[in-house]
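Asker: this one's structure only:
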């Protein structure tokens, strides 16, 4: 439907253009009736346009009023003639119509949010005054010298040009801030330009500067103007013209500057090139120039103030968090620096509190980011209410806040404020979705000297905050130098770990798994070791969690898997172990979450030539509890490959029977924590007996870890656990030492204790 209205508006404009040209050629036959029709059609067109297009009622009424006013002006001119007093009356009515157009344009400019209305109107005043000076020197003063018309009539006609210049300027500013060009903009521009040309021609004809001809028939211009404004309002794009939005790019602002500057330069050129004709001319020129200079001065003052305000606002925005209105990192660092020099005293140390919300991501993920934003705003409000008046609360990013208190006098007062900050999270936060509870971890760092750097103080508080996180969250921690040393060491390990694989610093050690019935080595567990280039040994307990956190466990784990299977293939081929010996490889939570893990396993099996049934993938209980669906899907893919899965460290975590029922597990590894006390502690012995009975009833393979004594081995065997590994059997050894290790175990055969030479006591 909008296309239909658009085509109708375009055709309507073409009809108006045709009638206007024909009216100029045949003024008596076509010009008069066309002009009368153009005048009368404005009101019904406005009513129709208001119904079919989304236009504000005020704009429709304003344009209708202007159209009706000009129609009344023409009726007066037609009834009473165009000379003498009637001409004066119509001139006054024309000028009022021009002022109405200026008024409407001013209102439209003021509605545009991206326009500085006072600046635009100031520029328009300068344009009007400059145009008035040119009009006075070039047209009005010479006309007054020879005109027989009343003075007031000549003055009004002299105002047509400056008034028209103001209208054109306002129209240009308004239309050039459109977000897009559209037909309605073109039609409105054509309408205003046509009316202004009609007024100009009317003045020139009255002054005798234009004789007979097509240009002398001013009705031609007015007819086109009325049809143009009608087409503009009939076109659907008028809705964009009536919008309060717009663009104000630098090129269009440059256009305004050029127009305004020209309004100053050209009057100066005209005044300099043509001297005053008499005293009255001199007075008018002087007063006009003074008024123009005053307008320019006021405009410059306004611009300076506006620029100053804009700079202050930009600075405020640059130093303020948009979501909460709190100071941001930039302002915080400035304030820390100021407090270091102004507030630090031997008995008073400004203190920084780094507040980080715990598990805030869960709120965003479950309730949405709008709810998360509301939580951040509420937390900001609560923190501001909990700190001393002299303190500052800032938001760094995400869910991180910092409190800077310059009044701290002791460790006790710092601890008291930290407790008060923690207390603001004890009350629930009311959201439309329901109440939520949020906790926070707080790191505290004092500014202990005037030489402290703001970035260092902030980093120290951040370090302490992470210590609070590691301590269980919802608590506080004070910074000390040992934290920095630990962080530096961890960073050093993390950096070196990225290169460890390429530098061949990682190695696999293997620990044999023994069949307690036969004394045969039936398998191996691959264990990672790291020896740096300088000979430093890094414990797996230290670097494995770092690899897990940074993601380097993915390539390291893939390498370990292929290396372990390749070594097993080599041992089988060399006769080190039986063809049915297995290899156990640990898989971390990060590896299990990798969708490529099944492909990595399949590739390692293919490249090593090891049968899938000889590979055991070892997982901990926590992996399957934290991501049960992901773990189940991955383990089912492993089972489809023929790979078997072992539950490592069973008994230390959830030890849920549902894990054994739900997941495709074939082995339980009894944790060393229970094996250590199985010989002497009745509770551990009872627990191991339960695990063995449960595993046996489910048809699961059982392996005891951490066996270190013959007594432990005896008890485990009598409880029904048939496989074991531990220091009693063998420490983890490098691959090239495995032949001698297996040979030594084969010479021992079944351990003496299992042949009944010693007893472990009553079970």
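Answerer: Sure thing, it's come through. Remember, it's a predicted structure, so these values are computed and weren't measured experimentally.
Asker: Which helix runs longest in the protein?
Answerer: The residue-count maximum for a helix in the chain (DSSP state H) belongs to helix 279-318.
Asker: What is it packed up against?
Answerer: In terms of contacts (3 or more CB pairs under 8 Å, 6 or more residues apart in numbering; DSSP states H and E), helix 279-318 is packed against helix 117-135, helix 250-273. In short, each C-beta sits where N, CA and C put it, glycine included.
Asker: Lowest average confidence across the ones you listed, which one?
Answerer: Mean pLDDT per stretch puts helix 250-273 lowest among these, at a mean of 63.
Asker: Do I have it right that residue 705 meets residue 726?
Answerer: Yes. At 6.5 Å, residue 705 and residue 726 qualify as touching, with contact defined as CB atoms under 8 Å.
Asker: all strands in the stretch 551-700 of the chain, in order from the N-terminus.
Answerer: Ranges of strands in the stretch 551-700 of the chain, per DSSP state E, counting those that start in this stretch, are 582-586, 615-620, 644-650, 667-670.
Asker: out of these, which comes closest to residue 511?
Answerer: strand 582-586 (9.1 Å; CB to CB).
Asker: How far off centre is that closest one?
Answerer: Strand 582-586 sits 45 Å away from the centroid of its parent chain (CA atoms, centre = their mean, to the nearest Å).
Asker: What residues of that strand count as buried?
Answerer: Neighbour-count burial for strand 582-586 flags 582-586 (criterion: 16 or more other CB atoms under 10 Å).
Asker: now do stretch 23-42
Answerer: For stretch 23-42, by 16+ other CB under 10 Å, it's 23-24, 27, 30-31, 34-36, 38-39, 41-42.
Asker: hang on, the earlier thing: and the next element down the chain from the longest helix of the chain?
Answerer: Per DSSP states H and E, the first helix or strand lying C-terminal to helix 279-318 is helix 329-342.
Asker: Moving along the chain from that following helix, name the first helix or strand you hit.
Answerer: strand 351-357.
Asker: circling back to that earlier point, overlap in contacts of residue 705 and residue 726?
Answerer: Common neighbours of residue 705 and residue 726 (criterion: CB atoms under 8 Å, 6 or more residues apart in numbering): 672, 675.
Asker: Where in this structure is the helix or strand with the lowest mean pLDDT?
Answerer: None of the helices or strands of the chain scores lower by mean pLDDT, DSSP states H and E than helix 160-176, at a mean of 53.
Asker: Let me see the domain layout of the chain.
Answerer: Annotated domains of the chain cover 2-309, 329-479, 492-755 [automatic domain parsing].
Asker: Out of those domains, the one nearest residue 486 is which?
Answerer: domain 329-479 (8.7 Å).
Asker: From start to finish, how long is that closest one in a straight line?
Answerer: One end of domain 329-479 sits 20 Å from the other (CA to CA, to the nearest Å).
Asker: Hmm, residue 327 is touching residue 321, no?
Answerer: Yes. Look at residue 327 against residue 321 with CB under 8 Å: they come within range, at 7.2 Å.
Asker: okay, and the common contacts of those two?
Answerer: Between them, residue 327 and residue 321 share these contacting residues under CB under 8 Å, 6+ apart: 394-395.
Asker: Show me which of the two is the more surrounded one.
Answerer: residue 327 (22 against 19; other CB atoms under 10 Å).
Asker: Now the nearest residue in space to the more buried one that is not next to it in sequence: which helix or strand?
Answerer: Nearest residue to residue 327, sequence neighbours excluded (CB to CB, 6 or more residues apart in numbering): residue 394, at 4.3 Å. In the assignment (DSSP H and E), residue 394 maps to strand 392-397.
Asker: And that strand, what's buried?
Answerer: Applying 16+ other CB under 10 Å to strand 392-397 flags 392-396 as buried.
Asker: strand partners of it, parallel vs antiparallel please.
Answerer: Using DSSP bridges, strand 392-397 pairs in its sheet with strand 400-405 (antiparallel).
Asker: okay, the angle between the strand it pairs with and helix 329-342?
Answerer: Strand 400-405 runs at 20 degrees relative to helix 329-342, counting by axes from the mean of the first three to the mean of the last three CA atoms, to 10 degrees.
Asker: now the helices for the stretch 601-750 of the chain?
Answerer: For the stretch 601-750 of the chain, the helices defined by DSSP state H, counting those that start in this stretch cover 621-626, 628-641, 657-662, 672-675, 682-697, 710-719, 738-748.
Asker: now the fifth one, how far from the centre of its chain.
Answerer: When you say that, I think you mean helix 682-697. Going by CA atoms, centre = their mean, where helix 682-697 is centred and where its chain is centred differ by 55 Å.
Asker: Tell me where the model's unsure across the stretch 301-450 of the chain.
Answerer: With pLDDT under 70 as the threshold, the stretch 301-450 of the chain has low-confidence stretches at 343-347, 449-450.
Asker: Tell me the predicted confidence for residue 711.
Answerer: pLDDT recorded at residue 711 is 92.
Asker: which ones are touching residue 556?
Answerer: Counting by CB under 8 Å, 6+ apart, residue 556 makes contact with 500-501, 506, 528, 547.
Asker: same question, residue 327
Answerer: By CB under 8 Å, 6+ apart, residue 327 lies in contact with 319-321, 335, 392-395.
Asker: in which helix or strand would I find residue 15?
Answerer: Element membership of residue 15 [criterion: DSSP H and E] is helix 2-25.
Asker: Go through that helix and flag the buried ones.
Answerer: Using 16+ other CB under 10 Å as the test for burial, helix 2-25 gives 5-6, 9, 12-13, 16-17, 19-24.
Asker: Looking at those residues, which one is closest to residue 592?
Answerer: Closest to residue 592, out of all of these and judged by CB to CB, is residue 6, at 60.6 Å.
Asker: OK, contacts around the closest one?
Answerer: Residue 6 neighbours (CB under 8 Å, 6+ apart): 183, 235-237.
Asker: Show me the two of those residues that sit farthest apart.
Answerer: Maximum distance among the contacts of residue 6 (CB to CB): 8.9 Å, for 183 and 236.
Asker: mind giving me TSV with the contacts of residue 6 and columns for neighbour count?
Answerer: Shown next, in TSV, are the contacts of residue 6 (neighbours: other CB atoms under 10 Å):
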residue	neighbour count
183	19
235	29
236	20
237	22
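Asker: Of those residues, which belong to helices?
Answerer: residue 183.
Asker: Distance to residue 694 and pLDDT added to the contacts of residue 6, as CSV?
Answerer: Shown next, in CSV, are the contacts of residue 6 (distance: CB to CB, whole Å; pLDDT from 0 to 100):
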residue, distance to residue 694, pLDDT
183, 82, 78
235, 82, 83
236, 76, 82
237, 78, 77
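Asker: Just the angle for the longest helix of the chain relative to helix 329-342, thanks.
Answerer: Using the same axes, to 10 degrees: helix 279-318 against helix 329-342 is 80 degrees.
Asker: buried stuff in helix 279-318?
Answerer: 281, 284-285, 288, 292, 295-296, 299.
Asker: Please apply the same query to stretch 632-642.
Answerer: Residues of stretch 632-642 classed as buried by neighbour count (16+ other CB under 10 Å): 634-635, 637-639, 641.
Asker: For the chain, which residue occupies the most central location?
Answerer: residue 398 (10.5 Å; CA atoms, centre = their mean).
Asker: Brilliant, that's me finished.
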